[in-house]
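Asks: please work out how this folds:
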Amino acid sequence: TEPTNPTNPTNPVVPPPPPPPPEDTTPRIYVSDDYTMIGRNWQKITSVDIFAPRAGNNGVQSIDGKNVIAPGSNGKFIFKIRNPQMFDVDITIDLQDSDANVPNIPMIYRLKRGIVGDDYVGGNAWRTASEIVEFAQLPRSSSVYYTLEWEWDASNNTLEPP
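Replies: Residues are numbered from 1 along each chain as shown. This is a model prediction of the structure:
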């Protein structure tokens, strides 16, 4: 027999669309600076050469491609933290320095919120890197600048006898 056209065709079954992916609520922030890392975002732990020769740094020299500092050297390093999320994000800034010199270079630091002004984290006294910690909340879709000031502690230039 010859096939005939059905008089009441059935519609093909169309599966429902897949559900949307779950909303990503993982806090993501971006940290960058205006110096050596333009266009590069920092990760959770990122090494940064704050001693590079740049405006605002004094006593820094580049010798054989390495940045070298000496007693009396000082400077600042400005960086920006951006929260692109649609929710507030808690941030922690925990400074660490890695010094392979023996004995270690007597470096001291101050961290302030912003580029100008005197809004120092923990007061304006100079401290070691491990003594500076900032806990803050970064509002949604916002940015904040920080300035890390550094200097060779001239009051600590003598070596203890072995």
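Asks: which helix or strand contains the residue positioned nearest the centre of the chain?
Replies: The centroid of the chain falls nearest to residue 31 when counting by CA atoms, centre = their mean (4.0 Å). According to DSSP states H and E, residue 31 maps onto strand 30-33.
Asks: could you give the mean pLDDT of whichever helix or strand comes after that strand?
Replies: Following strand 30-33 in sequence order, the next helix or strand is strand 61-63 (DSSP H and E). The average pLDDT for strand 61-63 rounds to 79.
Asks: cool, and stretch 77-96?
Replies: Per-residue scores along stretch 77-96 average to 88.
Asks: can you get me the start-to-end distance on it?
Replies: End-to-end span of stretch 77-96 (CA to CA, to the nearest Å): 14 Å.
Asks: what residues does it touch?
Replies: 25, 27-35, 48, 50, 109, 111, 115, 121, 129-130, 132-148, 150 (CB atoms under 8 Å, 6 or more residues apart in numbering). The C-beta positions use only the backbone N, C-alpha and C, and glycine is treated the same way.
Asks: just the buried residues of the residues you listed.
Replies: 29, 31-33, 35, 50, 109, 111, 121, 129, 132, 138, 146-148, 150 (16 or more other CB atoms under 10 Å).
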